[in-house]
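Trainee: After the sequence you'll find the predicted model.
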Amino acid sequence: MDYESIIHALIDDLVSNKNGLIIKKLPNEKEDEPITYLICAEDNDIARLIGHKGSVATSLREIISIAGKLNNEKIRLKFESLTSTSENK
């Protein structure tokens, strides 16, 4: 299943700068670990994707989790601001 396309379909309309949106599958260290997707965007967009008290992020995680269960896979979403990732370099 193409989880990246599903994630794009869910969040593209929520962000103001689609060009600043990065969705990346992170490598697993162990085979039985959940598949993790990192979602990076500008500060304002990440705030919008996380939502008040994490409500939007929780909803996005639930939806992608259901998609993963169709293939017996565990999917995790992590959110990061582009400014915080560039500061860490």
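Mentor: Nice, I can see it.
Trainee: so where's this protein shaky on pLDDT?
Mentor: Filtered on pLDDT under 70, the chain yields the residue ranges 84-89.
Trainee: Could I get the full set of strands for it?
Mentor: 22-26, 35-41, 75-81 (DSSP state E).
Trainee: for the first one, packing partners?
Mentor: Under the contact criterion of 3 or more CB pairs under 8 Å, 6 or more residues apart in numbering; DSSP states H and E, strand 22-26 touches helix 3-11, strand 35-41. For every residue, glycine as well, the C-beta is placed using N, CA and C.
Trainee: Would you mind finding the most buried of the ones you listed?
Mentor: strand 35-41 (a mean of 19; mean count of other CB atoms under 10 Å).
Trainee: who does it pair up with?
Mentor: strand 22-26 (antiparallel), strand 75-81 (parallel) (DSSP bridges).
Trainee: hang on, the earlier thing: for residue 9, find the nearest of the strands of the chain.
Mentor: strand 22-26 (11.1 Å; CB to CB).
Trainee: got the buried residues for the closest one?
Mentor: Residues of strand 22-26 classed as buried by neighbour count (16 or more other CB atoms under 10 Å): residue 23.
Trainee: would you put the C-alpha positions of that strand in PDB?
Mentor: Only the C-alpha atoms of strand 22-26 are listed here, as PDB (Å, rounded to 0.1, in the frame of the first residue of the first chain):
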ATOM      1  CA  ILE A  22       8.200  16.600   3.100                       C
ATOM      2  CA  ILE A  23       7.000  13.100   3.800                       C
ATOM      3  CA  LYS A  24       9.700  10.500   4.300                       C
ATOM      4  CA  LYS A  25       9.700   6.800   5.200                       C
ATOM      5  CA  LEU A  26      12.200   6.200   7.900                       C
END
